[in-house]
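1. I'd like to go over a predicted model; first the sequence, then the structure.
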Amino acid sequence: MINNLYQNKLKSFFLLLLKSIFLSSFFINFPTTSKAGDHKAICSFYSEYKPCKVSINNESIIANLPTDLLFVDKSNFQSLKVYEDLSKSSNILLGTTTTFLLGPIGLLGFLATKKSGTIDFEISFMNDKQKERKAFIRFINMNSAKLFTNEISSFVNTLSLKE
């Protein structure tokens, strides 16, 4: 009886080990390019800012700039700089609503603040003529900027790991 129980436990262990080896080999050979996201932004490339669509994954950045198509990957990426022009503002809608609903206690709603402003990403890259160029990607929506920040961080980390 004990021998049979021991054999069943050993058999379960080996099956688990085989499954783990199979799954790990599958994920090791899994393609490394992952689709991170598409973003609506405002872009500039030696011109005025205009709406654009930016696609980014861990291997490249593609954007339809106002005057050109941006394609940045490991071979031409130079640097990334981030500029913030943020301010905190009182949430007038929340303050007015809570004051109307709650009376004087609702005035506390005016203390709630929200961030507003812009975040610009300056991407430096080498063009076909081996001349350094800079493209600017601007976000006004702070949630979109946060998502893009996470994705471009992954892009830069991937580039540094492959060097």
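-> Okay, I see it. Residues are numbered from 1 along each chain as shown.
2. hey, let's count contacts and neighbours off CA atoms from now on
-> Fine.
3. Domains in this protein, by residue range?
-> 1-30, 35-162 (automatic domain parsing).
4. Which residue ranges of the chain form helices?
-> Using DSSP state H, the helices assigned to the chain run over residues 2-28, 92-102, 142-162.
5. Run through the residues that contact A145.
-> 119, 139 (C-alpha atoms under 8 Å, 6 or more residues apart in numbering).
6. Go again with 10 Å.
-> Neighbour list for A145: 39, 41, 118-121, 137-139, 151 [criterion: C-alpha atoms under 10 Å, 6 or more residues apart in numbering].
7. contacting residues for N76?
-> By C-alpha under 10 Å, 6+ apart, the contact set of N76 is 124-128, 130, 132.
8. wait, A135
-> Neighbouring residues of A135 by C-alpha under 10 Å, 6+ apart: 43-47, 63, 65, 70, 80, 120-125.
9. Most neighbours out of those residues, which is it?
-> C43 (27 neighbours; other C-alpha atoms under 10 Å).
10. what bits of this structure have low per-residue confidence?
-> Within the chain, the segments meeting pLDDT under 70 span 1-36, 87-116, 161-163.
11. again, only this time at 80
-> Residues of the chain meeting the criterion pLDDT under 80: 1-36, 86-116, 159-163.
12. one step back: buried subset of the contacts of N76?
-> By neighbour count, with 16 or more other C-alpha atoms under 10 Å, the contacts of N76 hold 124-125 as buried.
13. Near K74, how many other residues are there?
-> When neighbours are defined as other C-alpha under 10 Å, K74 has 16 of them.
14. Which residues are in contact with it?
-> By C-alpha under 10 Å, 6+ apart, the residues touching K74 are 59-60, 125, 155-156, 158-160, 162-163.
15. Report the separation between it and L80.
-> K74 sits at a distance of 13 Å from L80 (criterion: C-alpha to C-alpha, to the nearest Å).
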